[in-house]
Structure formats: structure tokens, C-alpha cells
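Chemist: Pasted the sequence and its predicted model underneath.
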Protein chains: 2
Amino acid sequence: MSVLRESDRGVPREDPREDTRARIEQAALELFTAAGFEQVTIEEIAAAAGTSRRTFFRTVGGKADAVWGDFDGHVDRLATLLDRSGEDVPVLTAVLAAYVEANDYAPGDLPVLRQRMRLILTEPALQAHSQLRYADVDRVVAGYVARRCGQSPTSLVPRLVATATRAAATTAFEAWLSGDVPSLAEALRTAFGQLAEGFPGLR
Amino acid sequence: MSVLRESDRGVPREDPREDTRARIEQAALELFTAAGFEQVTIEEIAAAAGTSRRTFFRTVGGKADAVWGDFDGHVDRLATLLDRSGEDVPVLTAVLAAYVEANDYAPGDLPVLRQRMRLILTEPALQAHSQLRYADVDRVVAGYVARRCGQSPTSLVPRLVATATRAAATTAFEAWLSGDVPSLAEALRTAFGQLAEGFPGLR
DNA sequence: ACGGTAGGGGCACCGGGTGCCACGGGCAAC
DNA sequence: GTTGCCCGTGGCACCCGGTGCCCCTACCGT
């Protein structure tokens, strides 16, 4: 439900709930990577995490959700970044900057991110599920664009910008995964650049 | 598997296979629209179509697939249209034209199309599943762009164009469904126009 | 009359997901 | 200390989507 912070009152509280969650997510990630998403059963993940099938569903919600970590927090961060962006910077630039900063992971976190994204972009079931997660991102971006343009979040341009930028971000992730590009931020800038220039040379 | 045409040798051949398929798809569409995708069980659809659960899976493949009709044929048509497009017309223009022509339905087919798209864009499970179907479209478009640009279909620009144009098409469908736009073709042209111009006013 | 084949149905089974209840440990109030 | 509560957890039963396997039946050509 809520994003728990370990920094409450200085002492890391060792929340049992978050502890089992971490164990489950780590076990799921390893097993999925090793054997493939479909081949691994919940029971196997639960066993590897030292818990039960029932607890798995209670703590991570579902098989596909085990891969996403705290994605709600990620979306919240993106929303905050967009809220804080100045009125003078162009809309597309602001969206790009928010995407770049929201995905500015510490070097130590990159391996896990690679593992997550490889699964999400490769495994069909996860690829399908991702649409539901990305819909949250789209809503946030569409809302921002709508505010900046004085339009309804459900009208064409805000939604188009949201889905197109998200498509660009996804493509950037793919390029980053295949190693064709130095960094994730660079891939994002390249993709957004192409988008903002209307694909020069293709018109 | 294959797209059967009733126009072989003048007499409508009454293919039993295609007949039950049509009954199942119609029953599924009606029940999903009336009660919601999750609420309807396969057994109910099979009963309404006058057949069995087992036959349902054999003929339409799965619950989500029952909504899509002959989408493979749709993708094939799109590929053919792109193949036939001239070398002189700009890439983005060719993709737009192919999308418009592939989605140029007869007026009588529009109600069913509305019903299908409303379900696909509204029901979460179908929204998720759609990603797998759209991936086929993306592969076709990315392949075309790659051919025109002399790049690999897996490199950034072809994939970006494919996902971005498909995002634009989806947004156009949403706008068409909400009635904010006169026709589907018009919505597609508007969305592609915004995309090709790099969202003027937002940079 | 014969065998082949294809569409269909029945059945058992697997795995994801949920509701319900029961257990056990920590923790406050008495 | 004892009581009572809450919360994380586990076990169980159940539903439903999906698949493999076998059998039935109708239609086909010979």
C-alpha cells in the first residue's frame, strides 16, 4: 500500500513485511532470469524466498508484479519532477528532463535494473503486463502536458505526447539494454531528440 | 491459421470451422460489452455460442483473442501496403497512408470496430494483451523504416518510428472512440501531423 | 462396406489468483 | 502475570484460464 521509509527515527526498523518482500523479489528475479518467466511457478519462488505461496500473493500482488519493485514510487517521483519544473522550459524538454532524472540510478543499481528491464522487454507475459504500469506513467505525463497547454488530460495532444514520449523512453531502454549506446540518459536524449525534431529525413 | 475467403467459386462454402468461430466471437463480444471482460467465463461464451469450452480454445486460442477477429490479416494488409508504397513518398507519409488505408472500414463494419476497440482500450486485461498484438505491427513498420533508411530493424530509429507511430494510431483510435473527431482517418492524420511536426509549440 | 480425416466434446490436470480461517508472536492495558 | 488485541503468516478450498489426451461422429473418396 504505502511506501515505507527505513529512515523513520534513525534506526532501520527491520520491517518484517518489507524484508519478506525483498526476499521474494530477489528470488523471483533470479529464477525468472535463470529459467524464464513462464517456467517458474509461484510455489518455487516462495520456497526459494523461504515463505509460502499465500504470502507471495499478499506481499507482491501477483507473478508479474514481482519484477517491478517500487514502481509506484518511481511514478510518484516522475510526477514530482514534472510539478517542480519551471514554466519557462518547453514542455517536451521538461518531460525529457523528468524522464532522465527519474531514471538516474546509482551505478550499483544498474545490474538489477538491467535484469528487470531485460525481463520486462523480453518475456511476452511481462511485456503485456507492462502496458498497465506504463498507463500510470502516461496519466502523469498527460496531466502535466494538459496543465501546461490549458487542455483536458483526455484530449488528443496531451495523450499523444504522453504515449509518444513513453514509446521513446521504452525504445531508449531497449537500445541501452542491447549496448548500442553509452548510457541510459544518452539513449533517452537521442530518442527524445528524434521525436522533437519530427524525425528529420523521414518526412 | 489462414484467412478463409467466402468468395471461392461463387457459392459461400459454409466452412463449419469459420462458422463456429464467428458465433464464438460474436457471443464473446456481446457478453464482454454487456458484463465486462473479467466477469464473463469461457463456459458462458461457449454456451451462448452453442458449443463447448474445449472448442472455444481450439478455435480462438484464448479469452483475449476472441476480441481481435482476424488481426493477423490486418497486419498482413499493412505490410502489403507498405511494400507497395513508392520510394519517392517520405517514410512517415507512407506509414500514415498505410495506417489510414488499412483502417478504412466499410460503414457497416464501424459499429463492431467501435465495440472491439472500446473493449481493447478500456478493459485492463485486454489493454495488456494488446501489447502483444501491437508488437507484430511494430515489427512490420520497423522493418519497412529500416529498409527505407538502410538500417537494421533493431536499431533505434526504426524501432522508435514504429512505436511512436503506433502510439499515435492508438491515440487516434481513442479520440475517435470518444467522438471528439469526425472520422478515424481524420484522427490518424491529426495525430501523425503532430508527430511529424515534432509537437509545435511544445518545444 | 471400407478406412481416413477433420471438427467437436469430455475429462483430467496444471498453474495463477482469492477468500476464509486459524495460528503465533509482540505489545499494550489491566 | 494475564488478558486481549493486532499483524504477519500459513494452510485450505475454490474459481477460472489454458492444455494434453482420448473418443465420438459425420463426411469424404475408394
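Modeler: All right, it came through fine. Since this is a predicted model, take the numbers as computed values, not measurements.
Chemist: care to break chain A down by domain?
Modeler: If you go by automatic domain parsing, the domain ranges for chain A are A:16-66, A:71-196.
Chemist: ok, and which of these has the densest surroundings?
Modeler: Of these, the one with the most neighbours on average (mean count of other C-beta atoms under 10 Å in any protein chain shown) is domain A:71-196, at a mean of 18. No exception for glycine: its C-beta is placed from N, CA and C like everyone else's.
Chemist: Now tabulate the domains of chain A in a markdown table and tack on mean pLDDT and distance to B:R17.
Modeler: Output for the domains of chain A, formatted as a markdown table (pLDDT from 0 to 100; distance: least, C-beta to C-beta, whole Å):
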| stretch | mean pLDDT | distance to B:R17 |
| --- | --- | --- |
| domain A:16-66 | 96 | 29 |
| domain A:71-196 | 97 | 26 |
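Chemist: For the host helix or strand of A:R148, name the packing helices and strands.
Modeler: A:R148 is part of helix A:124-149 when elements are defined by DSSP states H and E. Where contact means 3 or more C-beta pairs under 8 Å, 6 or more residues apart in numbering or on different chains; DSSP states H and E, helix A:124-149 is packed against helix A:71-84, helix A:91-102, helix A:110-122, helix A:156-177, helix B:124-149.
Chemist: Would you tell me whether that helix gets close to DNA strand C?
Modeler: No. Applying C-beta under 7 Å from any atom of the strand, one finds helix A:124-149 separated from DNA strand C by no less than 8.3 Å.
Chemist: What distance do you get for the residue in chain A that DNA strand D sits nearest to to A:I45?
Modeler: With C-beta to the nearest atom of the strand as the measure, A:T55 is the residue of chain A nearest to DNA strand D, at 3.1 Å. According to C-beta to C-beta, to the nearest Å, A:T55 stands 11 Å off from A:I45.
Chemist: hey, what's in contact with both of these two?
Modeler: Shared contacts of A:T55 and A:I45, defined by C-beta atoms under 8 Å, 6 or more residues apart in numbering or on different chains, comprise A:I24.
Chemist: Which pLDDT value belongs to A:S2?
Modeler: Predicted confidence (pLDDT) for A:S2: 33.
Chemist: same thing with A:G201?
Modeler: As predicted, A:G201 sits at a pLDDT of 80.
Chemist: Geometric centre of chain A: which residue is closest?
Modeler: A:F71 (5.5 Å; C-alpha atoms, centre = their mean).
Chemist: Now do the contacts for it.
Modeler: Contacts for A:F71 (C-beta under 8 Å, 6+ apart) come out as A:133, A:136.
Chemist: where's the residue nearest to A:E38 when sequence neighbours are not counted relative to B:A28, distance?
Modeler: Nearest non-adjacent residue to A:E38, counting by C-beta to C-beta, 6 or more residues apart in numbering or on different chains: A:A125, 6.6 Å away. Separation of A:A125 from B:A28 (C-beta to C-beta): 22 Å.
Chemist: Could you list the contact residues of chain A toward DNA strand C?
Modeler: Taking C-beta under 7 Å from any atom of the strand as the contact definition, chain A meets DNA strand C at A:40-43, A:53-54, A:57, A:61-64.
Chemist: In CSV, list those along with secondary structure and distance to B:V112.
Modeler: Shown next, in CSV, are the residues of chain A next to DNA strand C (DSSP: H, G, I helix; E, B strand; the rest coil; distance: C-beta to C-beta, whole Å):
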residue, secondary structure, distance to B:V112
A:V40, coil, 39
A:T41, coil, 39
A:I42, helix, 38
A:E43, helix, 42
A:R53, helix, 42
A:R54, helix, 43
A:F57, helix, 37
A:G61, coil, 35
A:G62, coil, 32
A:K63, coil, 34
A:A64, helix, 31
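Chemist: Can you add distance to B:G193 and give those residues back as TSV?
Modeler: Conversion of the residues of chain A next to DNA strand C to TSV gives the following (distance: C-beta to C-beta, whole Å):
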residue	distance to B:G193
A:V40	46
A:T41	49
A:I42	47
A:E43	52
A:R53	52
A:R54	53
A:F57	46
A:G61	40
A:G62	40
A:K63	41
A:A64	36
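Chemist: now, among these, which is nearest to chain B?
Modeler: A:A64 (8.9 Å; C-beta to the nearest C-beta).
Chemist: residues contacting that closest one?
Modeler: Contacts of A:A64 (C-beta under 8 Å, 6+ apart): A:125-126, A:129.
Chemist: cool, and A:G69?
Modeler: Counting by C-beta under 8 Å, 6+ apart, A:G69 makes contact with A:25, A:116.
Chemist: switch to 10 Å and redo it
Modeler: A:G69 is in contact with A:21-22, A:25, A:29, A:60, A:112-113, A:116, counting by C-beta atoms under 10 Å, 6 or more residues apart in numbering or on different chains.
Chemist: Using CSV, write out the CA atom coordinates for stretch A:86-100.
Modeler: The C-alpha coordinates for stretch A:86-100 follow below in CSV (Å, rounded to 0.1, in the frame of the first residue of the first chain):
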residue,chain,number,x,y,z
GLY,A,86,9.7,25.7,-14.4
GLU,A,87,7.1,27.3,-16.7
ASP,A,88,9.8,28.8,-19.0
VAL,A,89,11.2,25.5,-20.1
PRO,A,90,9.5,23.9,-23.1
VAL,A,91,7.1,21.1,-22.4
LEU,A,92,9.0,18.4,-24.3
THR,A,93,12.2,19.4,-22.7
ALA,A,94,10.7,19.2,-19.3
VAL,A,95,9.3,15.8,-19.9
LEU,A,96,12.7,14.6,-21.2
ALA,A,97,14.5,16.1,-18.1
ALA,A,98,12.0,14.4,-15.8
TYR,A,99,12.5,11.0,-17.5
VAL,A,100,16.3,11.4,-17.4
